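# Any chance you could fold what I've pasted below:
(chains A and B)
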Amino acid sequence: MGRAKVARKSTNIDMTAMCDVAFLLLAFFILTTKFKPQEAVPVVTPNSVSSKVAPSKDICLITVNSDGKVFLALDDKARRADLAELIIKDKKINLNVAQFRDAEFIGCSFAQLPSFLNIPSDKRKGGSPNIPGIPCKDSASNEMIEWMRLVKQVYLGKTLNILFKGDNGVKYNVFDNVLESFRKNEFDRFQMITNPESVPEGTELWKEFKSNKSVTKELDSEN
Amino acid sequence: MAEMETSSGGGHKKGPGVKKGKKLSTRVDLTPMVDLGFLLITFFIFTTTMAQPTAFKLLLPKEDVKEENQNQVSEEKSLTILLAGNNHIYTYEGKLDPKTPKVATCEYTGDNSIRSVIIDKKNRVREKFGTDKDLVIVIKCYKDANYKNLVDILDEMQINVNKKYALVKLSELEKIIIEQSEGLPSSGSTESSKK
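Here you go, the predicted model:
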């Protein structure tokens, strides 16, 4: 019987095109990726509709974690060294400036600083019980006021962005004590770090976005 | 060109009778390479941070603002939001009468949400005065309120495009009201009232 022979096709596929695409994507992701810095203090921040990206330079970051512990961090190592020297002068505490400079964050009272800095940096995590946080629980022993005063001196005449990063569960009295330290040192503007969130439909802001008015910009410039 | 002469005979020319060396295919199996490529892509997709944290500004009023000045806002143009613990919100308009203080409660989401209260107030101010620009929203927090609650309310200010708002400390009367409605023991004159 004359059966039509179906030509047997090769099962090999030419991978070159796929390979090209794969590596193109790979190159894109390698170039665009920005590694998340290992967070020393894990914090779940609240959401907001604000679309302004938080500054990443010249910052003084005050973090409050879910236990209500307060941490202070400066991004500039030179400023950190300045701060360390200022603490030595002002508080008469013997500090290792190099250790202070390399510390990612500060989370203890002035008196505990030397022992805090002696903790190896990989063990210095915000959640661990041997790190008390900067004492700020009540207004009588609010050390944040002192810290912010020193930070202000260090950044005198320089730009400084004060960022506050709080956990969802932080109680208002802790936040208020941190605010108190800003007020006392006349830092009258600061920024709160939040996660971006979409604007709810039907609201006024949403309507203004629809009519292509940059409301947030307007608000920011007013502030 | 790039092939190496591997025949062991070596030296003598290939004549017509001599068997030709098998021509090796120049195709390489790309599958492992593609595998590796996609593995790396997945890695970078997961580690990349596309969403950068955002921030919004908050201005702090100067310390020496006197209490009398804070209450100078016309009664019809002000709304005070009190944030208490357990995600409770109390609101009142204008001034609080010390004898018969009346506060309304509302929620963060749902039918009786704080957003609807603000929109309602804005509409009433707009009807009466033609514009809602002068509406001042005063936000006050009890010490049990969460930071998230505060950010949510500040966010509502942005969502409802309300440009005049302030974060003010609780007065003694408001504190008592919150403590009574929350069923908390009165904390008396604590630090937050002294400020």
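# Buried residues, the strand of greatest length in chain A. List them.
When chain A is parsed with DSSP state E, its longest strand is strand A:189-196. Residues of strand A:189-196 classed as buried by neighbour count (16 or more other C-beta atoms under 10 Å in any protein chain shown): A:190, A:191, A:192, A:193, A:194. (Glycine included, C-beta is placed from N, CA and C.)
# Now do the same for the fourth one: its pLDDT.
Right, the one you point to is residue A:193. Looking at residue A:193, its pLDDT reads 85.
# My guess is it contacts residue A:163. True?
Yes. Counting by C-beta atoms under 8 Å, residue A:193 touches residue A:163, with 5.6 Å between them.
# Can you pull out the low-pLDDT segments for chain A?
For chain A, the stretches with pLDDT under 70 are A:1-2, A:35-40, A:126, A:139, A:212-223.
# Ignore what I typed, I meant chain B.
The model of chain B has pLDDT under 70 over residues B:1-20, B:49-52, B:61-74, B:186-195.
# Just the strands from it, written as ranges.
Using DSSP E, the strands found in chain B span residues B:54-59, B:78-84, B:88-93, B:104-106, B:136-141, B:165-168.
# Just name the most buried of these.
Among the strands of chain B, ranked by average contacts under mean count of other C-beta atoms under 10 Å in any protein chain shown, first place goes to strand B:78-84 (a mean of 23).
# Which secondary structure elements does it sit against?
Packing partners of strand B:78-84 (3 or more C-beta pairs under 8 Å, 6 or more residues apart in numbering or on different chains; DSSP states H and E): strand B:88-93, helix B:114-129, strand B:136-141, helix B:147-159, helix B:172-182.
# what distance separates the first one from the centre of its chain?
The chain centre lies 22 Å from the centre of strand B:88-93; the measure is C-alpha atoms, centre = their mean, to the nearest Å.
# partners of that strand, with directions?
The strands beside strand B:88-93 in its sheet (DSSP bridges) come out as strand B:78-84 (antiparallel), strand B:104-106 (antiparallel).
# if we look at it, which residues are touching it?
Here strand B:88-93 makes contact (C-beta atoms under 8 Å, 6 or more residues apart in numbering or on different chains) with B:75-76, B:78-84, B:101-108, B:114, B:117, B:121, B:149, B:153, B:177-178, B:181-182.
# can you state the direction angle for it and strand B:136-141?
150 degrees (axes from the mean of the first three to the mean of the last three C-alpha atoms, to 10 degrees).
# now swap in the last one and tell me
In terms of direction (the same axes, to 10 degrees), helix B:172-182 departs from strand B:136-141 by 60 degrees.
# Any buried residues in helix B:172-182, and which?
B:174, B:175, B:176, B:177, B:178, B:179.
# Now do the buried residues in stretch B:120-132.
Residues B:121, B:122, B:124, B:125, B:132 are the ones in stretch B:120-132 that count as buried (16+ other C-beta under 10 Å).
# Out of those, flag the one nearest to chain A.
residue B:122 (8.2 Å; C-beta to the nearest C-beta).
# give the contact list for that closest one.
Contacts of residue B:122 (C-beta under 8 Å, 6+ apart): B:132, B:135, B:160, B:162.
# What is the burial count for the third one?
Neighbour count of residue B:160, defined by other C-beta atoms under 10 Å in any protein chain shown: 21.
# if I look at it, how far off is residue B:109?
From residue B:160 across to residue B:109, the span is 15 Å (C-beta to C-beta, to the nearest Å).
# And the last one, by the same measure?
Noted for residue B:162: a distance of 18 Å to residue B:109, by C-beta to C-beta.
# what about these two, which has more around it?
residue B:162 (21 against 10).
# Excluding covalently adjacent residues, which one is nearest to that one?
With sequence-adjacent residues excluded and distances taken as C-beta to C-beta, 6 or more residues apart in numbering or on different chains, residue B:162 is closest to residue B:137, at 5.7 Å.
# Next, the contact list for the nearest residue to residue A:85 once chain neighbours are set aside, please.
Excluding the flanking residues, the one nearest residue A:85 by C-beta to C-beta, 6+ apart is residue A:97, at 6.3 Å. Residue A:97 is in contact with A:81, A:84, A:85, A:88, counting by C-beta under 8 Å, 6+ apart.
# What is the neighbour count of the last one?
With neighbours defined by other C-beta under 10 Å, the count for residue A:88 comes to 16.
# I'd say it and residue A:95 touch.
Yes. Contact criterion C-beta under 8 Å: residue A:88 and residue A:95 qualify, at 5.3 Å.
# Can you give me the distance of residue B:179 to residue A:13?
From residue B:179 across to residue A:13, the span is 73 Å (C-beta to C-beta).
# cool, residue A:99 as well?
58 Å.
# Does the closest residue to residue B:116 other than its chain neighbours have any beta-bridge partners, and if so which?
Leaving out its chain neighbours, the residue that sits closest to residue B:116 by C-beta to C-beta, 6+ apart is residue B:106, at 7.8 Å. Residue B:106 has the following beta-bridge partners by DSSP bridges: residue B:89.
# residues of the one helix or strand residue A:180 maps to that come out buried?
Residue A:180 is part of helix A:172-184, with elements assigned from DSSP states H and E. Within helix A:172-184, the residues that count as buried by 16+ other C-beta under 10 Å are A:172, A:173, A:174, A:175, A:176, A:177, A:178, A:179, A:180, A:181, A:182, A:183.
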